[in-house]
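**Q** what's the 3D shape of this:
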Amino acid sequence: MTMSRALCLVLLCLPLAACDKGPKPGEAKAAPSAATATAAAPAAPAAPPAASTQTASPAGASFGAGVKLADATPIDTILADPKTYQGKAVRVEGMITDVCPKRGCWFDMAGGGPGQKLKFKVTDGEMVFPLDAKGKYAVAEGVISVRELSLEQTKERAEYQAKEYGIPYDPASITKPTLLVQLDGTGAVFRDQK
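**A** Residues are numbered from 1 along each chain as shown. Predicted coordinates for the structure are as follows:
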């Protein structure tokens, strides 16, 4: 490969990494993430809850594969014991509280309790969520990913988020490791109300 071709390839790939700078579940693995594997495989989602049945996607603006699981799992239930849901396909519902301002590759959904939220994350460009989705109601489906961060990784992540989103950061206030829980998304539907 010529030097100019290699440089072009690098320059084309740089913008794709813009939103994926922070630590993510599965980073250390060489295998594709659960979201990628689930999105690429035509088979049924991995280990759906026993009571779930397949159904048509709910009405609204659809993204990705849409939503096929009939029964929703409350976000608060997942966050109360995330390791129980690790690797399981779930359907969740909630108000969209934030959207990725750079590439539209994630959105946060509110749970029922104060401060309860779950991030729905996809590979950059796989689905693009509009910024005006804040305040809409989302029905989303994907595989739960849980990652334990060390104290040092927790501080690095907080520092990254502070710089990236202009939020305050005090390293002394971080005294324990964090558990990152997210939904590696396969599909979602947005609508104006529940």
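
**Q** Going by residue numbers, what spans are strands in this protein?
**A** Along the chain, the segments classed as strands by DSSP state E run 61-64, 89-99, 106-110, 117-121, 137-148, 179-191.

**Q** Of these, which is nearest residue 83?
**A** For residue 83, the closest of these is strand 137-148, at 5.8 Å, according to C-beta to C-beta. (C-beta placed from N, C-alpha, C; glycine too.)

**Q** quick check: angle from that closest one to strand 179-191?
**A** Angle, strand 137-148 to strand 179-191, by axes from the mean of the first three to the mean of the last three C-alpha atoms, to 10 degrees: 170 degrees.

**Q** Report the buried residues of strand 137-148.
**A** Along strand 137-148, these residues count as buried under the neighbour rule (16 or more other C-beta atoms under 10 Å): 137, 138, 139, 140, 141, 142, 143, 144, 145, 146, 147.

**Q** And that strand, what does it pack against?
**A** Contact analysis of strand 137-148 by 3 or more C-beta pairs under 8 Å, 6 or more residues apart in numbering; DSSP states H and E lists helix 34-40, helix 82-85, strand 89-99, strand 106-110, strand 117-121, strand 179-191 as its packing neighbours.

**Q** could you redo those as JSON lines and give each row distance to residue 152, mean pLDDT and mean neighbour count?
**A** What follows is the helices and strands packed on strand 137-148, written out as JSON lines (distance: least, C-beta to C-beta, whole Å; pLDDT from 0 to 100; neighbours: other C-beta atoms under 10 Å):
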{"stretch": "helix 34-40", "distance to residue 152": "25", "mean pLDDT": "35", "mean neighbour count": "18"}
{"stretch": "helix 82-85", "distance to residue 152": "21", "mean pLDDT": "97", "mean neighbour count": "16"}
{"stretch": "strand 89-99", "distance to residue 152": "26", "mean pLDDT": "97", "mean neighbour count": "20"}
{"stretch": "strand 106-110", "distance to residue 152": "24", "mean pLDDT": "96", "mean neighbour count": "23"}
{"stretch": "strand 117-121", "distance to residue 152": "21", "mean pLDDT": "96", "mean neighbour count": "22"}
{"stretch": "strand 179-191", "distance to residue 152": "14", "mean pLDDT": "96", "mean neighbour count": "22"}
